[in-house]
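*Asks:* need a 3D model of the following:
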Amino acid sequence: MTLLSEQPIEIVEELEGAILLLTWEYPPNIVGGMARHVHGLAESLVASGREVIVLTASHHGAPQHEVISGVHIYRTGPLHKGEQDFLKQTSDLNLCLFQKGIELIRNYDIALIHTHDWLTGDAAILLAEQHQLPLVSTIHATEHGRNNGLHNELQRTIASKEKVLIASSDTVIVCSQPMKEELRVFYEAAEKDIYVIPNGVEFEGNVSTHTRFSHLKPFIFSIGRMVFEKGFQTFFNIHLKNLKKENIQFIIAGKGPLLETWREEVKKRGLENKIHFVGYVSDEERKALFQTCEAAVFPSLYEPFGIVALEAMAFQKPVIAAATGGLKSFVLHKQTGLLFEPGNAEDLSAKLAAILDQPDYANELGINGHEMAKELYSWNHISAQTEKVYDQTVFIKKMEGVRT
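*Replies:* Just a heads-up that it's a prediction; the model follows:
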């Protein structure tokens, strides 16, 4: 696995000082894959000897400051409780993050700021500019990609904020080659040095297999945010009668704006005894569902990377994924999983049948995926690549200072 950029990373002296990570979600506040990404990165960086401070949004029941596995976690906001306007919420959060960030920079020897997506971008840009610190941004997804274009004022506003963050960053990280091309084509980033570093995955030890869904066996598992681009609507049109596995169930976990809509669609089609949109599941339940499923399916229409598919591989489960975005970079068809045409329920049905009808083949795919994930996508491996980007970014920033 090589770290991809326009220029190879030079060997430079290591960064000295703490890393300030900004993210709008961090455990126990888990909305999408970003929380787990930043959590895995932070703890791996600490394990390698770095000092790491995470600055994130407040979450009900979570303290304003705590130290977990050596990571200092600070939470702040909201400025106005109950604010309904999304952009105002985000603006308020950034003001709180900026104010708290000033305090943290005063109290810690911060050497670099690393922000994740546009939601915390305003605060990160201001902090970096005010304190002349290097700024690294990881773009996990884009508004253009999520919506297959920009169709309204809100989407255009978010995309403009993404462009500003990309332009203001000393270095940009994305999780897949398709994401890199997306920034080049749609985000005016042709001159920006963009590094491709994939998401990492944790490998679990003993996992409890008992859940409140234990009566729904055997089952296919899927998980993600309940939004259109995740493609869960594809499940409604699969050929259930053609699946020979007796009483196979489909458990789809996650929360989001379309959850109730899809639950209603299940009822409308009379599929309540087959397809189960179960909503939020705890970390323990998620692990148990991965551990006990027959296979994991990820039907995304747009997917910059697809960390949940990698998590399934960590549990040695056969993966069926839509052939889109970053999923294609590690779900290698008939090697580490099976790919199907995005949105094509007939193709998905055929791949499900191949897995369910051939347990030995399914097991082989699961083993292959697990071996690849362990070799290339452990957090130790991913954080080491990220550290090289940090060191290079700081070095270049210093050289620019010398030249001026």
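*Asks:* which stretches in the stretch 1-150 of the chain count as helices?
*Replies:* 33-47, 86-107, 121-131, 143-147 (DSSP state H, counting those that start in this stretch).
*Asks:* Gln291: which of these is closest?
*Replies:* helix 33-47 (16.9 Å; C-beta to C-beta). (Glycine included, C-beta is placed from N, CA and C.)
*Asks:* all strands of this structure, in order?
*Replies:* 18-23, 52-57, 65-68, 71-76, 110-116, 135-139, 171-174, 194-196, 219-223, 249-253, 275-279, 295-298, 319-322, 338-340 (DSSP state E).
*Asks:* pick the most buried one from the ones you listed.
*Replies:* strand 319-322 (a mean of 28; mean count of other C-beta atoms under 10 Å).
*Asks:* given that strand, what are its sheet partners and their directions?
*Replies:* Sheet pairing of strand 319-322 (DSSP bridges) gives strand 295-298 (parallel), strand 338-340 (parallel).
*Asks:* send over it as CSV, restricted to the C-alpha atoms.
*Replies:* Output in CSV follows, covering the C-alpha atoms of strand 319-322 (Å, rounded to 0.1, in the frame of the first residue of the first chain):
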residue,chain,number,x,y,z
VAL,A,319,-18.9,-8.5,1.4
ILE,A,320,-21.2,-7.6,-1.5
ALA,A,321,-20.8,-3.9,-2.5
ALA,A,322,-21.9,-1.5,-5.2
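*Asks:* mind checking which of the helices of the stretch 1-150 of the chain is nearest Gln64?
*Replies:* helix 86-107 (9.2 Å).
*Asks:* please find the angle between the direction vectors of the closest one and strand 18-23.
*Replies:* Helix 86-107 runs at 170 degrees relative to strand 18-23, counting by axes from the mean of the first three to the mean of the last three C-alpha atoms, to 10 degrees.
*Asks:* flag the shaky bits of the stretch 101-250 of the chain, pLDDT-wise.
*Replies:* Per-residue confidence for the stretch 101-250 of the chain (pLDDT under 70) gives no ranges below the cut-off.
*Asks:* now render the strands paired with strand 319-322 as TSV, adding mean pLDDT.
*Replies:* Formatted as TSV, those follow (pLDDT from 0 to 100):
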stretch	mean pLDDT
strand 295-298	98
strand 338-340	98
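*Asks:* CSV please, covering those strands and showing distance to Leu258.
*Replies:* Formatted as CSV, those follow (distance: least, C-beta to C-beta, whole Å):
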stretch, distance to Leu258
strand 295-298, 16
strand 338-340, 21
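*Asks:* out of those strands, flag the one nearest Leu216.
*Replies:* Checked against C-beta to C-beta, the stretch from the strands paired with strand 319-322 lying closest is strand 295-298, at 14.5 Å.
*Asks:* what about that closest one, distance to the chain center?
*Replies:* Relative to the chain's own centre, strand 295-298 is displaced by 17 Å; criterion: C-alpha atoms, centre = their mean, to the nearest Å.
*Asks:* most tightly packed of the helices of the stretch 1-150 of the chain?
*Replies:* Note that of the helices of the stretch 1-150 of the chain, helix 33-47 is the most buried (mean count of other C-beta under 10 Å), with a mean of 22.
*Asks:* that one packs against which elements?
*Replies:* Applying 3 or more C-beta pairs under 8 Å, 6 or more residues apart in numbering; DSSP states H and E, we find helix 33-47 packed against strand 18-23, strand 52-57, strand 71-76, strand 110-116, helix 307-314, helix 379-403.
*Asks:* mind checking these for the one nearest to Glu43?
*Replies:* Ranked by C-beta to C-beta, the member of the helices and strands packed on helix 33-47 that lies closest to Glu43 is strand 71-76, at 6.0 Å.
*Asks:* which residues touch that closest one?
*Replies:* Contacts with strand 71-76, where a contact means C-beta atoms under 8 Å, 6 or more residues apart in numbering, come from 26, 42-43, 46, 52-59, 62-67, 96-97, 99-100, 104, 108.
*Asks:* could you do stretch 85-95 as well?
*Replies:* So stretch 85-95 is contacted by 24, 57, 77-80, 83, 119-123, 154, 157 (C-beta under 8 Å, 6+ apart).
*Asks:* and with 6 Å instead?
*Replies:* Stretch 85-95 has contacts (C-beta atoms under 6 Å, 6 or more residues apart in numbering) with Ala57, Gly77, Pro78, Leu79, His80, Glu83, Leu119, Asp122, Ala123.
*Asks:* measure the second one to Leu310 for me?
*Replies:* Distance from Gly77 to Leu310, counting by C-beta to C-beta, to the nearest Å: 31 Å.
*Asks:* do the fourth one as well
*Replies:* Relative to Leu310, Leu79 is positioned 36 Å away (C-beta to C-beta).
*Asks:* got it, and the fifth one?
*Replies:* From His80 across to Leu310, the span is 37 Å (C-beta to C-beta).
*Asks:* higher neighbour count, Leu79 and Leu310?
*Replies:* Leu310 (26 against 15; other C-beta atoms under 10 Å).
*Asks:* which residue is the nearest non-sequential neighbour of the more buried one?
*Replies:* Nearest residue to Leu310, sequence neighbours excluded (C-beta to C-beta, 6 or more residues apart in numbering): Val201, at 4.5 Å.
*Asks:* try His131
*Replies:* Ile105 (5.4 Å).
*Asks:* measure that neighbour to Ala128 for me?
*Replies:* On the measure of C-beta to C-beta, Ile105 and Ala128 end up 10 Å apart.
*Asks:* and if you look at Glu51?
*Replies:* For Glu51 relative to Ala128 (C-beta to C-beta), the value is 18 Å.
*Asks:* equivalent analysis for Lys397, please.
*Replies:* With C-beta to C-beta as the criterion, Lys397 and Ala128 are 10 Å apart.
*Asks:* ok, Glu375 next?
*Replies:* Glu375 is 35 Å from Ala128, by C-beta to C-beta.
*Asks:* do you know the pLDDT at Glu2?
*Replies:* That one is not Glu; residue 2 is Thr. Model confidence at Thr2, given as pLDDT, is 42.
*Asks:* need the strands of the chain in CSV with distance to Val266, can you?
*Replies:* Formatted as CSV, the strands of the chain follow (distance: least, C-beta to C-beta, whole Å):
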stretch, distance to Val266
strand 18-23, 33
strand 52-57, 32
strand 65-68, 38
strand 71-76, 36
strand 110-116, 34
strand 135-139, 34
strand 171-174, 35
strand 194-196, 38
strand 219-223, 14
strand 249-253, 10
strand 275-279, 5
strand 295-298, 16
strand 319-322, 20
strand 338-340, 21
